[in-house]
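Chemist: Prediction below, plus the sequence it came from.
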Amino acid sequence: MQLTLWTYEGPPHIGAIRVAASFEDVHCVLHAPQGDTYADLLFTMIERMDRRPPVTYTTFQARDLGGETASLAKRAVADAYERFRPQLLLVGESCTAELLQDQAGNLGRSLGLPVPVVPLELSAYSKKENWGAGETLYRIVRSVLQERSQQVAGGTAKPERPPRRPLANIIGPTVLGFRCRDDVVEVDRILEQLGIDVNAIIPLGASVDDIGRLPDASFNVCLYPEVSRPTTLWMQRAFGMPFTRTVPIGLGATRAFIAEVAQLAGVDARHVLAREQPGVARLSASQARTPWYARSVDSTYLTGKRAFIFGDATHAIAAARIATEEIGFKVVGLGTYSREFAREVREAAGAHGIDALITDDYLEVEQAIAAATPELVLGTQMERHVAKRLGIPCAVISAPMHVQDVPARYSPVMGFEGANVLFDSWVHPLMMGLEEHLLQMFRGDFEFHDEARASHLPASAGPNADVPLADMQAAAPAPAATAVATAPTWSADGERELQKIPFFVRPKARRNTERFAAERGVTLITVETLYEAKAHFAR
């Protein structure tokens with residue numbers, strides 16, 4: 001186990017709480033010590049829920065360890081049922097309580113409550129949050145549908161009357177998932193365009209009764225594989241229900257998703273894809289504006305920009321594909337903290353000609369970003385902090401996230417509108433970076449320095465109205481020469497020329513030039529030295 005200041009995922013019981021909080025009538029009882037209730041803040045402060053998550057903690061104390069903590073767990077389960085009257089109870093242990101080996105889930109089952117009690121065994125010291133969410137959802141669905149799956153296996157299930165329109169389930173969206181609330185709306189809209197009805201959305205906003213209807217659908221939409229794949233795989237085995245393999249993030253993936261769903265449902269998708277003209281740069285060439293915007297004059301300078309991508313596997317793989325195929329970036333780094341999906345991420349990285357970074361150590365990610373010298377970072381909340389320290393533009397594409405990544409407005413990342421949102425989110429930081437670079441480049445100009453009067457004001461206005469132009473030019477602040485004891489000194493003209501280099505590659509240019517000068521015994525770096533170094537490294 002490694003001590004750290006930051007973790008990309010919490011322990012697996014956080015994932016269990018996410019699933020419980022997504023359902024309307026499920027309650028979770030956690031055998032946990034005082035202090036493990038910190039998870040509540042994730043939901044009220046980041047997701048901005050209007051209520052606490054449906055969790056009861058046993059909150060045993062140090063003095064209780066000398067007695068029987070198992071009785072505390074049984075009492076907490078009974079009290080939670082009497083107070084909240086849920087349709088299903090989850091009973092598990094936090095990572096700390098797992099050391100006691102009280103097996104709270106089995107204790108809860110032994111009470112004989114009139115609702116399903118699902119014990120959770122979450123392997124807190126070998127697994128993490130997304131795995132915990134996927135395992136919890138799988139156990140809930142299997143518990144509710146166990147009898148029906150046995151009927152199907154025994155050939156005694158009654159045949160259902162086929163619906164007039166195909167039915168689909170959407171599996172995987174949860175609270176604290178990245179833009180799940182809005183992604184569901186976008187996917188629902190696509191299914192409606194295809195003439196497919198949504199049978200159930202699990203677990204976000206669902207009830208236990210909705211789980212009972214899952215087998216009535218024709219297929220499942222596996223929306224977030226980190227959470228939904230265990231459930232969709234089991235339903236495929238138990239009920240013969242196929243599920244989608246394409247996640248509709250990005251324009252190309254959305255088109256592929258529509259074609260895949262249409263095939264599973266046996267419907268015609270031509271009327272939905274009629275407006276989709278890949279490779280055509282017109283506003284009318286797609287239901288998304290991304291193709292036109294990505295090919296517009298204002299965006300051409302973005303072509304070839306170096307992007308480093310890190311996040312959960314689903315969003316990281318999608319981001320790499322969008323960056324290269326839809327916007328024209330060059331992917332120089334791709335990684336994930338989702339070790340369960342390491343194979344998929346390595347395959348995606350190989351397609352981009354790079355090695356994947358599979359780690360949950362944020363310091364290792366920071367080192368990889370610094371070494372790759374990207375011009376844009378697409379990552380989590382942690383990569384936002386890293387990019388800020390390195391002076392690189394950044395956009396958040398994946399959980400873990402901050403409250404600012406849970407906007408009140410409609411802001412999906414899936415579907416056609418999601419493609420628009422991603423384009424804006426990624427391009428705007430680069431455009432702001434260009435603006436900052438221009439401001440820095442012209443900082444010494446007599447019209448743009450910090451004390452210059454506003455250009456739209458009359459010549460007689462402002463504090464510098466009576467100052468001669470030549471004096472203003474002379475008084476304009478010049479960048480101070482940087483002196484390092486062990487490095488060559490920069491001349492004033494060399495420093496000014498260095499400031500004209502874009503800020504996101506300026507540190508590397510400075511290091512290379514200083515190394516070039518030191519190797520040749522040059523003690524004062526001038527403009528000529530800077531360009532000699534540039535020519536040397538270009539070769």
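Modeler: Good, I have the coordinates. Numbering: from 1, shown residues only.
Chemist: so what are the domain limits for this structure?
Modeler: Domain assignment for the chain by automatic domain parsing gives 12-127, 153-272, 283-430, 466-538.
Chemist: For the stretch 51-200 of the chain, give me the ranges with low pLDDT.
Modeler: For the stretch 51-200 of the chain, the stretches flagged by pLDDT under 70 are 61-68, 97, 99-102, 156-163.
Chemist: Mean confidence (pLDDT) on the helix or strand where Trp234 lies, please.
Modeler: Element membership of Trp234, judged by DSSP states H and E, is helix 225-239. Taken as a whole, helix 225-239 has a mean pLDDT of 96.
Chemist: Check stretch 489-503 too.
Modeler: Here stretch 489-503 scores 85 as its mean pLDDT.
Chemist: Tell me if I'm right that Arg510 and Leu498 touch.
Modeler: Yes: using CB atoms under 8 Å, Arg510 is in contact with Leu498, at 6.3 Å. Where C-beta positions appear, they are placed from N, C-alpha and C, glycine not excepted.
Chemist: Give me the spatial nearest neighbour of Arg346, chain neighbours excluded.
Modeler: Nearest non-adjacent residue to Arg346, counting by CB to CB, 6 or more residues apart in numbering: Ala356, 4.4 Å away.
Chemist: do the same with Gly379
Modeler: Phe310 (4.4 Å).
Chemist: repeat for Thr44
Modeler: Nearest one to Thr44, counting by CB to CB, 6+ apart, is Arg52 at 6.6 Å.
Chemist: list the contacts for that neighbour?
Modeler: Residues in contact with Arg52 (CB atoms under 8 Å, 6 or more residues apart in numbering) are 40, 43-44.
Chemist: coming back round to it: in a markdown table: the domains of the chain, plus distance to Trp6.
Modeler: Formatted as a markdown table, the domains of the chain follow (distance: least, CB to CB, whole Å):
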| stretch | distance to Trp6 |
| --- | --- |
| domain 12-127 | 14 |
| domain 153-272 | 17 |
| domain 283-430 | 5 |
| domain 466-538 | 24 |
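Chemist: Can you tell me the SS state at Trp268?
Modeler: That one is not Trp; residue 268 is Asp. coil (DSSP: H, G, I helix; E, B strand; the rest coil).
Chemist: from what I can see it touches Ile258, true?
Modeler: No: counting by CB under 8 Å, Asp268 stays clear of Ile258, with 11.0 Å between them.
Chemist: in the stretch 1-150 of the chain, which spans are strands?
Modeler: Taking DSSP state E, counting those that start in this stretch, the strands of the stretch 1-150 of the chain run over residues 26-31, 55-57, 88-93, 117-119.
Chemist: who's in contact with the third one?
Modeler: The reference is to strand 88-93. With CB under 8 Å, 6+ apart, strand 88-93 has contacts from 13, 16, 19-20, 23, 25-32, 73, 77, 80-81, 100, 102, 104-105, 107-109, 113, 115-122, 124, 136, 140, 143-144, 208.
Chemist: if I pick Asn106, what's in contact with it?
Modeler: Pro119.
Chemist: where does it sit relative to Glu121, distance-wise?
Modeler: Per CB to CB, to the nearest Å, Asn106 is found 9 Å from Glu121.
Chemist: now do Pro248
Modeler: 33 Å.
Chemist: Likewise for Ala316?
Modeler: According to CB to CB, Ala316 and Glu121 sit 29 Å apart.
Chemist: More neighbours: which of these two?
Modeler: Ala316 (29 against 14; other CB atoms under 10 Å).
Chemist: tell me the strands in the stretch 151-300 of the chain, going along the chain?
Modeler: In the stretch 151-300 of the chain, the segments counted as strands under DSSP E, counting those that start in this stretch are 167-171, 197-202, 219-222.
Chemist: So which elements touch the first one?
Modeler: By that I understand strand 167-171. Packing partners of strand 167-171 (3 or more CB pairs under 8 Å, 6 or more residues apart in numbering; DSSP states H and E): helix 180-193, strand 197-202, strand 219-222, helix 225-239.
Chemist: And for the last one?
Modeler: In terms of contact count using 3+ CB pairs under 8 Å, 6+ apart, strand 219-222 is assigned the packing partners strand 167-171, helix 225-239, helix 251-265.
Chemist: how close does the most centrally placed residue in the chain get to Val117?
Modeler: Centroid check for the chain by CA atoms, centre = their mean gives Ser398 as the closest residue, at 0.5 Å. Counting by CB to CB, the gap from Ser398 to Val117 is 34 Å.
Chemist: can you give me the end-to-end distance of stretch 79-88?
Modeler: 14 Å (CA to CA, to the nearest Å).
Chemist: Sort out which residues of it are buried, please.
Modeler: Buried residues in stretch 79-88, counting neighbours by 16 or more other CB atoms under 10 Å, are found at 80-81, 86-88.
Chemist: Quick check: the farthest pair among those?
Modeler: The most widely separated members of the buried residues of stretch 79-88, counting by CB to CB, are Ala80 and Gln87 (12.9 Å).
Chemist: if we can go back for a sec, same list, the contacts of Arg52, but as a markdown table with pLDDT please.
Modeler: Putting the contacts of Arg52 into a markdown table (pLDDT from 0 to 100) gives the following:
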| residue | pLDDT |
| --- | --- |
| Asp40 | 82 |
| Phe43 | 87 |
| Thr44 | 86 |
